[in-house]
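Enquirer: need a structure here:
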Amino acid sequence: MQTESHDEVELQNRYGAIIRSLSGDTHLQIRDWQLFHQGLAVNAFAPHLNFNYLQAPWADPRGVLDGVALRLRYSDYALHLSHSPSGLIESLVFEVLEQIRVESICPVGLKGSKQNVENQFIAWMQEFMANGGVEGSIGLLLLSIFSTVWVKLNQRPIPQLMQDVVEATRAGLAAGLGSYLVMLKESQFDQVEYAKTSFEITRLISNLIDAEYQNIPSIRTKQKNISNFLKIEWIQPPNLDPKSEKQQHYSAQDTKKSLEQSLGKYKVFNSAYDIEIEAKKSIRPAQLAIYQQELSAQVAKLNLPWGKLTRSYQNIFNTKTLKKWQTTQTEGPIDRRYLTRIATAPLDPILYKHLSQKIEALGSVTLLIDCSGSMKDQRLKIATCVDSLVRILEQAHIKTEVLGYSTSTWQGGRPFKEWRRGGQIPNPGRLNERAHWIFKDFQTNWRKARPGIAALLRPEIYAESIDGEALLWAAQRLQKEGGNKASQKKLILFSDGCPMDRATIEANGEHFLKSHLIQTIAWCEQQGQFELWGCGIGEELRPFFPNRLSWNQESEIPSESIIDWAKELKLARN
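Expert: Numbering: from 1, shown residues only. Predicted coordinates:
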């Protein structure tokens, strides 16, 4: 399992902000180095805009980001798909030609973006050559087409070495391609007319390839695998089906109902053995005192700037503590509303006011901890972070709840045995004894809750994990908590991977628990009453969480995580 460091999270957030700013679309995010739009992955961009190149030493990251943003801003994706050819190589050429058009019409006022996209396109073609992409005639043909169109639309020369490589092929294409180049230049600002000409160019290329390789079946087979044969990473876009396109435009209410129906199909074989309990009640008082002492000693080593962090988290949650006054008091500063009464009744004792000592909670946060066996080795670090974060949030007037989840036994327990005795019916649903732990509730303050938080150190509570049910449980508890502002409610899931309950997976299939968790995440996103965040989420599930906090598994310094989270929450809010 590979976690995301603070630098990775911050860099992806910054890159996402660049794309949103230039494209004008506020619904774009970069998650786990993929682009998402309103929760859906955005793929099938031109190969030189592959997000893997954001970290490549030869690439220009700003060129990749600016190219994607310009494409989203100046190209109609549905229109593009409606004209795109069905062949793999043909659709690749059609895509690259459209991207060249978009980058060529970059406004004069965006000189920096124009230079960035030019640098990236040239760098990609040079890398394509360096990796042997032009050793075959098909690769050489594609590079010649791309460079020729790029030169025509941008009115800029390509590097001399590249000119020398493509010169002979370009000369051979002149007769068939010349008139199309003129038409491309004329329709540079008209996507429909440009698409028609681009389509004709793809037909020209297809005919050339067919004519050269029609009697060589092995070459025709290789065309089906561009990544290996041409050394180009490319995902062909789906065909635009009008019916499926209509079906995708659900209202938010329809989507919510659909998710609830899907969640309703989740089955539990026997819930009689499930528990929901305060974690500290399952531990002997003497042992709990030892855990609390160990946790206190660890927190004392952090040397955290409590005041500074409290102010940081106050700003993140947009919590301005308003002064509330108790009036008609017998002492304190004079209440200005009664200035005239001072002259008429100077002996009146109720002319004063003072600040109220009671401050209402300004937000709510639920910390949900995955207490699976794989998290056991990190329990001291997790407990230290949770205890410190709860203290900081309470000082910032944010109410907190700390919950956890695991199973009471390993490999199924009593439900699993009952299922086996009953004939092992197919698809029985969840087959383990679910355990939901309450380490701290919303009503208990930090000082009184510290023994409960210290219960996170008990090794015996760490078993298997059923994440979807736990996330629903925590979300419903958070929804019941007072306050209606979505920005003031956050649910943070601390987990290191996919759900794992061997008995349930063996009886229902590998994806049973994972699919339920993914549906639950989508359901949480539809609620709109709180924000869902993931911390330490593994690669397999990371793209499904729109908001994520970093977790450096190798670091032994919890204070770094708490400071980093403040930065990440603030960056996401901006």
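Enquirer: Just the residues contacting stretch 469-479, thanks.
Expert: 263, 276, 364, 366, 368, 370, 401, 403, 405, 430, 434, 436, 489, 491, 493, 516-517, 520-521, 523-524, 527, 529-530, 532 (Cβ atoms under 8 Å, 6 or more residues apart in numbering). For glycine as for every other residue, the C-beta is placed from the backbone atoms N, C-alpha and C.
Enquirer: which of the residues in it are buried?
Expert: For stretch 469-479, a neighbour-count test (16 or more other Cβ atoms under 10 Å) marks 469, 470, 471, 472, 473, 474, 475, 477, 478 as buried.
Enquirer: now do stretch 107-119
Expert: Under the neighbour-count criterion of 16+ other Cβ under 10 Å, stretch 107-119 has 113, 114, 116, 117, 118 buried.
Enquirer: how about the last one, what does it touch?
Expert: I take that to be residue 118. 63, 103, 154, 156.
Enquirer: Distance to residue 8 and secondary structure for those residues - can I get that in JSON lines?
Expert: Listed next are the contacts of residue 118 as JSON lines, based on distance: Cβ to Cβ, whole Å; DSSP: H, G, I helix; E, B strand; the rest coil:
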{"residue": "63", "distance to residue 8": "20", "secondary structure": "helix"}
{"residue": "103", "distance to residue 8": "28", "secondary structure": "helix"}
{"residue": "154", "distance to residue 8": "34", "secondary structure": "helix"}
{"residue": "156", "distance to residue 8": "35", "secondary structure": "coil"}
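Enquirer: Quick one: those as a markdown table, columns for neighbour count too.
Expert: Below are the contacts of residue 118 laid out as a markdown table (neighbours: other Cβ atoms under 10 Å):
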| residue | neighbour count |
| --- | --- |
| 63 | 24 |
| 103 | 27 |
| 154 | 17 |
| 156 | 11 |
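Enquirer: between the residues you listed, which is closest to residue 554?
Expert: Closest approach between these and residue 554, by Cβ to Cβ: residue 63, at 32.4 Å.
Enquirer: before we move on, back to that, and the buried residues of stretch 107-119, which two are furthest apart?
Expert: 113 and 118 (9.6 Å).
Enquirer: now, which of the contacts of stretch 469-479 lie within strands?
Expert: Within the contacts of stretch 469-479, residues falling in strands by DSSP state E are 276, 364, 366, 368, 370, 401, 403, 405, 434, 436, 489, 491, 493, 532.
Enquirer: Before we move on, what's the pLDDT of the second one?
Expert: Read that as residue 364. Looking at residue 364, its pLDDT reads 91.
Enquirer: List the beta-bridge partners for it.
Expert: Beta-bridge partners recorded for residue 364 (DSSP bridges): residue 399, residue 489.
Enquirer: Contact partners for it?
Expert: Taking Cβ under 8 Å, 6+ apart, one finds 398, 399, 400, 401, 442, 478, 481, 482, 483, 488, 489, 490 in contact with residue 364.
Enquirer: go again using 6 Å as the cut-off
Expert: When contacts are counted by Cβ atoms under 6 Å, 6 or more residues apart in numbering, residue 364 touches 399, 481, 489.
Enquirer: most remote residue from the chain's center?
Expert: For the chain, the residue at maximal distance from the C-alpha centroid (Cα atoms, centre = their mean) is residue 344, at 66.0 Å.
Enquirer: ranges for the helices of the stretch 401-550 of the chain?
Expert: For the stretch 401-550 of the chain, the helices defined by DSSP state H, counting those that start in this stretch occupy 413-421, 446-454, 467-480, 502-508, 512-527.
Enquirer: Select, out of those, the one closest to residue 539.
Expert: helix 512-527 (13.1 Å).
Enquirer: Check which helices and strands the closest one is in contact with.
Expert: Applying 3 or more Cβ pairs under 6 Å, 6 or more residues apart in numbering; DSSP states H and E, we find helix 512-527 packed against helix 252-264, helix 467-480.
Enquirer: Could you tell me the angle between the last one and strand 489-494?
Expert: Compare the direction of helix 467-480 with that of strand 489-494 by axes from the mean of the first three to the mean of the last three Cα atoms, to 10 degrees and you get 160 degrees.
Enquirer: sorry, back to before: ok, the buried residues of stretch 469-479 vs residue 135, which is closest?
Expert: For those, the nearest to residue 135 is residue 471 (51.1 Å; Cβ to Cβ).
Enquirer: Show me where the stretch 1-150 of the chain has its strands.
Expert: Using DSSP state E, counting those that start in this stretch, the strands found in the stretch 1-150 of the chain span residues 28-31, 34-37, 40-41.
Enquirer: Check the ones you listed for me and report the most buried one.
Expert: strand 28-31 (a mean of 22; mean count of other Cβ atoms under 10 Å).
Enquirer: on contacts alone, who are the packing partners of the top helix by length along the chain?
Expert: Ranked by residue count, the top helix of the chain under DSSP state H comes out as helix 160-186. Contacts defined by 3+ Cβ pairs under 6 Å, 6+ apart place helix 160-186 against helix 137-154, helix 191-213.
Enquirer: and these, which one is worst for confidence?
Expert: helix 191-213 (a mean of 89).
Enquirer: So what touches it?
Expert: Applying Cβ under 6 Å, 6+ apart, the contact partners of helix 191-213 are 83, 85, 90, 93-94, 97, 101, 176, 180, 183-184, 187, 219.
Enquirer: any chance of those residues in JSON lines, plus neighbour count?
Expert: Below are those laid out as JSON lines (neighbours: other Cβ under 10 Å):
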{"residue": "83", "neighbour count": "17"}
{"residue": "85", "neighbour count": "16"}
{"residue": "90", "neighbour count": "20"}
{"residue": "93", "neighbour count": "24"}
{"residue": "94", "neighbour count": "23"}
{"residue": "97", "neighbour count": "24"}
{"residue": "101", "neighbour count": "24"}
{"residue": "176", "neighbour count": "13"}
{"residue": "180", "neighbour count": "17"}
{"residue": "183", "neighbour count": "17"}
{"residue": "184", "neighbour count": "23"}
{"residue": "187", "neighbour count": "17"}
{"residue": "219", "neighbour count": "16"}
